[in-house]
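Peer 1: Just the structure for this:
(chains A, B and C)
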Amino acid sequence: MRFLQQVTVITTKDLRAEMRTKEAINASFAFAIVILLILSFAFDPTEETTREISGGLLWIVFTFAGTLVLNRSFARELPNDCLDGLLAAPVPGSALFLGKALANYVLILAVELVALPVFGIFYNVRWTRQFWPLMLVVGLGTWGLTAIGTVFSALTVNIRLREVMLPMLVYPLMIPMLLGAMRLTALLVAGQPIAGDDTVWLRLLFGFDIIFTALALVLMETVLRG
Amino acid sequence: MSAVAVDCAGVWKFYGDFPALRDISFQVPEGRCLALIGRNGAGKTTLLRILAGFSRAGRGQTKILGSSPREADARSRIGFLGHGIAIYDELSALENLRLFGKLYGLPDPDHAARHWLERTGLERVRHGLVREFSRGMRQRLAVARALLHDPSVLLLDEPFTALDDRAIAVLQSVLRDALAQGRTVVMSTHQLREALELATDVGLINRGRLAFHGERTPEMITDPGWVYARYGEA
Amino acid sequence: MRQKVIIGMLALAAIIFVRNLYAISVLPDEVNQGQIFRIIFFHVPAAAAAMTGSAVALIASVLFLVKKDFFYDSLAVAVTEVGLAFLAVNLVTGSIWARVIWGVWWAWDPRLTSALICWILYAGYLILRQALEEPTQRATFAAVYSIFAFTDVPIVYFSIRWWRTIHPQPVFFSKNGSFPPDWGRALGVNMLAMFLFYAALTMIRLRQEQTQREIDYLRRTAHAI
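Peer 2: Predicted structure coming up:
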């Protein structure tokens, strides 16, 4: 099971390196808090109607903060040409994708799990009423962001204006997933369960994740080695 | 008759429609050391990167020990040293080598890592973070990384450039041992003297073509510019 | 020869359009909408052509990745650019229609919203190309992006439709209304003309792209000397 070992090695490498420098994660935390703050000025948190849509706002925070982590993902391989070291190794593109995607996933989830309580405080919302369904939705949605974001991190790593190009290419692709995630999150944060018509969004999230993960696994080798 | 370690057949590389490499064909038998010389921009780095499996040739085939370097397994027998050292600044020397050892599927990455740290004189600083190393130390660590997994074929892109004396000595010693063990080396170089001392064969790349390929003669060491003058720019 | 084909297609498309204009203008006004319904004869074919274009772009992108022949890359760019223009026609005509019928320039109709998202997706394709200088890398990465974009299109369409069933919005021409047969004929004719026009424009753009590649190659060769 060399594939799995290689994936684990890459994931631990990325996480260890990030924990030593904390560059991306600190910026991401700070960014998330700032956006939450600004959104509370834009939409008055004391209004009842705002609290109803607030779950959707969370995904703006998640996506923007997540982009900082994703940008760093392949950018961290640029100094010393470290990417060459990975490409020279007998690691297939799919393993490199999965290793980095898992590391990004952990980091973005960490930021989200901090952003949630802060959101609860700013908006005075008890968001834990549907905790596990909410975790499921956050987990699924974040994976969609991570899978596409990791491939595009590799794609944009050498482009000028990388920090702008990455979100600009990834966000439109993610609109369907964001639609579902925002809808479900707003529902769950308001304390209502996912039922009836809304289960279609859950299926959308699953389908989206599966389709784009498969695409990423297949195309990563092409992006890396042409 | 020794086997062919590096086989390049009719390789072209295009950037758009512009050919950076034109119809490169050569073979390097096992145990030989080929020094690739040529001007900057001639195509040496491009060729080495194709041999290492980083990019795809537009036309033609490359084989390392009989298989294409674009297959993952073939790359486990290739050691690559490029312009960048490919070492992580945020990790320690030992962590870096262990990491690559595991990526290459070594049965005992720890042991291999420690062996090569000793061999390159970095045993004392094995827990130091690479970002604190001097340039020479980083270069030596890069050599360790390239040879960690016991590769049969070494591909080196200007390995002697900007090395301090100690690093040059280490690299020469390591390469001599490797060649004595029957490994194959292909290296591009500007440092003609250090490289030509080790080389058994010489190749000149001029504007994407292999202008000369032959055995390294003693004259080449005493007068390194000879090949350029004879076969180089018109 | 190729130029004659292009001119022929453009001329044919123009003739068909002009003749059809008459057919469209004599159709009786639609009961609920008045004059403006005639915009559908341009609105729908533009979308149909753009959608076909995106499928061609996908095939061209995959073929490029497999065969590494730059013709496919040039085709992908040409088809996508022209498609963007046609999709823009679709969006603008839809917006005009919405303004006349509902008094708003944008009503979040599911089909128009999907079209807008697709427009942004393929605009991203062009922006990505602009940011990449090296031609082989540009073609490869653009092809990868094109595959991602095309995969997303049906998902976008379905998700917007589901979104709309939760927040019902006014819809263009809901199919439960009757679609008179003489409309069908006029629509079909315009569809043919639109596709001809699309193909001709694509060929022009394709030729331009290939010429540009030749110029780039000559420049690089000149610099290398």
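Peer 1: which ones are touching the closest residue to residue C:131 other than its chain neighbours?
Peer 2: The shortest distance from residue C:131 to any residue other than its chain neighbours is 4.7 Å, reached at residue A:159 (Cβ to Cβ, 6 or more residues apart in numbering or on different chains). Where C-beta positions appear, they are placed from N, C-alpha and C, glycine not excepted. Under the criterion of Cβ atoms under 8 Å, 6 or more residues apart in numbering or on different chains, the contact partners of residue A:159 comprise A:165, C:131, C:132.
Peer 1: Let me know the pLDDT of residue A:159.
Peer 2: At residue A:159 the predicted local confidence, pLDDT, stands at 89.
Peer 1: Over to residue C:44?
Peer 2: Residue C:44 is given a pLDDT of 88.
Peer 1: Surely it is in contact with residue C:184?
Peer 2: No. Judged on Cβ atoms under 8 Å, residue C:44 makes no contact with residue C:184 at a distance of 11.2 Å.
Peer 1: and those two? which has more neighbours close in?
Peer 2: The residue with the greater number of neighbours, taking residue C:44 and residue C:184 and applying other Cβ atoms under 10 Å in any protein chain shown, is residue C:44; the counts read 20 against 10.
Peer 1: so the more buried one is in which element?
Peer 2: Take DSSP states H and E as the rule and residue C:44 turns out to sit in helix C:40-67.
Peer 1: And residue A:200, by the same measure?
Peer 2: Taking DSSP H and E as the definition, residue A:200 sits inside helix A:199-225.
Peer 1: tilt between that helix and helix C:40-67?
Peer 2: Between the axis of helix A:199-225 and that of helix C:40-67 there is an angle of 40 degrees, by axes from the mean of the first three to the mean of the last three Cα atoms, to 10 degrees.
Peer 1: I'd like the mean pLDDT over helix A:199-225, please.
Peer 2: Mean pLDDT, computed over helix A:199-225, is 96.
Peer 1: and if you look at stretch C:105-117?
Peer 2: The average of the pLDDT scores along stretch C:105-117 is 89.
Peer 1: following the longest helix belonging to chain A, which helix or strand comes up?
Peer 2: When secondary structure is assigned using DSSP state H, the longest helix within chain A turns out to be helix A:93-123. For helix A:93-123, the following helix or strand on the C-terminal side (DSSP H and E) is helix A:131-156.
Peer 1: quick check, that following helix touching chain B?
Peer 2: No. Interface with chain B: helix A:131-156 contributes nothing (Cβ under 8 Å from any Cβ of the partner chain), its closest point being 13.7 Å away.
Peer 1: who does that helix touch, helix- and strand-wise?
Peer 2: Counting contacts by 3 or more Cβ pairs under 8 Å, 6 or more residues apart in numbering or on different chains; DSSP states H and E, the secondary-structure elements packed against helix A:131-156 are helix A:48-75, helix A:93-123, helix A:162-189, helix A:199-225, helix C:135-166.
Peer 1: Swap in 10 Å and give it another go.
Peer 2: Packed against helix A:131-156 by the contact rule (3 or more Cβ pairs under 10 Å, 6 or more residues apart in numbering or on different chains; DSSP states H and E) you find helix A:48-75, helix A:93-123, helix A:162-189, helix A:199-225, helix C:110-131, helix C:135-166.
Peer 1: Turn those helices into CSV, including mean neighbour count.
Peer 2: Compiled in CSV, the helices and strands packed on helix A:131-156 are given as follows (neighbours: other Cβ atoms under 10 Å in any protein chain shown):
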stretch, mean neighbour count
helix A:48-75, 21
helix A:93-123, 21
helix A:162-189, 23
helix A:199-225, 19
helix C:110-131, 20
helix C:135-166, 20
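Peer 1: Quick one: residues contacting residue A:129.
Peer 2: A:188, A:189, A:190, A:191, A:192, A:193 (Cβ atoms under 10 Å, 6 or more residues apart in numbering or on different chains).
Peer 1: same thing but 8 Å
Peer 2: Taking Cβ under 8 Å, 6+ apart as the definition, contacts of residue A:129 comprise A:188, A:191.
Peer 1: Tell me the residue of chain B that sits nearest chain C?
Peer 2: Nearest to chain C in chain B, going by Cβ to the nearest Cβ, is residue B:16, at a distance of 3.0 Å.
Peer 1: so who does the spatially closest residue to that residue that is not a sequence neighbour touch?
Peer 2: With Cβ to Cβ, 6+ apart as the measure, residue C:135 is the residue that lies nearest to residue B:16, at 3.0 Å, once sequence neighbours are left out. By Cβ under 8 Å, 6+ apart, the residues touching residue C:135 are B:15, B:16, B:17, C:70, C:213, C:216.
Peer 1: now swap in residue A:77 and tell me
Peer 2: Per Cβ under 8 Å, 6+ apart, neighbours of residue A:77: A:83, A:86, A:157.
Peer 1: okay if I get those as a markdown table plus distance to chain B and neighbour count?
Peer 2: Formatted as a markdown table, the contacts of residue A:77 follow (distance: Cβ to the nearest Cβ, whole Å; neighbours: other Cβ atoms under 10 Å in any protein chain shown):
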| residue | distance to chain B | neighbour count |
| --- | --- | --- |
| A:83 | 8 | 21 |
| A:86 | 8 | 24 |
| A:157 | 14 | 19 |
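Peer 1: would you turn those residues into JSON lines with distance to residue A:197?
Peer 2: Conversion of these to JSON lines gives the following (distance: Cβ to Cβ, whole Å):
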{"residue": "A:83", "distance to residue A:197": "46"}
{"residue": "A:86", "distance to residue A:197": "45"}
{"residue": "A:157", "distance to residue A:197": "41"}
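Peer 1: Name the nearest of those relative to residue C:124.
Peer 2: If you rank the contacts of residue A:77 by distance to residue C:124 using Cβ to Cβ, residue A:157 comes first, at 17.1 Å.
Peer 1: Look up how far residue A:13 lies from the residue nearest to the closest one when sequence neighbours are not counted.
Peer 2: Counting by Cβ to Cβ, 6+ apart, residue A:157 lies nearest to residue A:74, which is 4.2 Å off, once chain neighbours are set aside. Computed with Cβ to Cβ, to the nearest Å, the distance linking residue A:74 and residue A:13 is 13 Å.
Peer 1: returning to what we had before: residue contacts, the residue nearest to residue A:157?
Peer 2: Taking Cβ under 8 Å, 6+ apart, we find residue A:74 in contact with A:83, A:100, A:153, A:154, A:157.
Peer 1: tell me which element residue A:36 is part of?
Peer 2: Take DSSP H and E as the rule and residue A:36 turns out to sit in helix A:23-42.
Peer 1: Around chain B, which positions in chain C sit nearby?
Peer 2: Proximity of chain C to chain B is confined to C:68, C:70, C:134, C:135, C:136, C:213, C:214, C:216, C:217, C:220, C:221, C:224 under the rule Cβ under 8 Å from any Cβ.
Peer 1: Right, I'll call it a day here.
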